[in-house]
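Colleague: No sequence on hand, only this structure:
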Ligand SMILES: [Mg+2]
């Protein structure tokens, strides 16, 4: 019997954009718990921020932090034998697989840009209070959001499109990537898809036959959605699906905003022949 493995984004997908609530997804989450289906969180959030949600969700599965920069696997979850080839490092109860570049390196790029007189600021330049102010997080959460390892969030105070383009080009030429969600991010050549592919390999080696599912809502979820057999997107808070998915009609549209769509997609999947065949 094939095992179901679910990969999920957090913001706007499993948790609501407005109040970070996952109440609408509780029926499906309970079913996942009952059936012991692995639920892998894959987010642009930091390890520390995701740990808060894992605690709330009573989740003990591996997770992907900072847009694929790092994979954190609880010690003992996979055998040392299959993990070994990925050279994991032991960090605070995890076997971590680092795919991204160091935060220090990314900070150096931001500083280089500033030295060239571009008006750019990263979370590393902001105080906890300032981060709380611009994100709407409380100060505890803002502190966790500042604990970055593989991805720097940045704000451009340039209005001129050409100046912005120059910044993006500089980032690419230096060998890094940028992406945009609510804020801009700079990172190494990583994305959620590479991290998901690696975990799929580990699950296959562990369970043999698996069925893979991923749920997201935005552009940074696309690489992850392209790696699984059952990709789903949920509706954004205005009720629409992100335009980036228009070219991907085979990605399944879950009917519902955020966790409401998530709940429906997961329950339908579990109840369908997929999990019981
Ligand atoms: Mg999202």
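Modeller: Great, that's in hand. What you see is a predicted model; the values in this text were computed from it and never measured.

Colleague: Now do the strands in the protein.
Modeller: For the chain, applying DSSP state E gives strands covering 3-8, 39-42, 63-65, 70-74, 89-91, 94-98, 120-122, 151-156, 177-180, 184-187, 210-216, 230-235, 252-257.

Colleague: Quickly run through the sheet partners of the second one, with directions.
Modeller: Using DSSP bridges, strand 39-42 pairs in its sheet with strand 3-8 (parallel), strand 63-65 (parallel).

Colleague: Burial check on residue 121, number of neighbours?
Modeller: Residues lying near residue 121 (other C-beta atoms under 10 Å) number 16. From N, CA and C alone the C-beta is placed, and that goes for glycine too.

Colleague: Can you give me every residue that contacts it?
Modeller: Residue 121 makes contact with 110, 154-155, 157, according to C-beta atoms under 8 Å, 6 or more residues apart in numbering.

Colleague: at 10 Å what do you get?
Modeller: Contacts here follow C-beta atoms under 10 Å, 6 or more residues apart in numbering; on that basis residue 121 touches 110, 114, 130, 134, 153-157.

Colleague: Over to residue 13?
Modeller: Counting by C-beta under 10 Å, 6+ apart, residue 13 touches 22, 25, 41-43, 214-218, 221, 232-234, 236, 254, 258-259, 261-262.

Colleague: which stretch among the strands paired with strand 39-42 comes nearest residue 163?
Modeller: Between residue 163 and the strands paired with strand 39-42, the tightest spacing by C-beta to C-beta is seen for strand 63-65, at 30.8 Å.

Colleague: Can you point out the buried residues in the closest one?
Modeller: Applying a neighbour-count criterion of 16 or more other C-beta atoms under 10 Å, the buried positions in strand 63-65 are 63-65.
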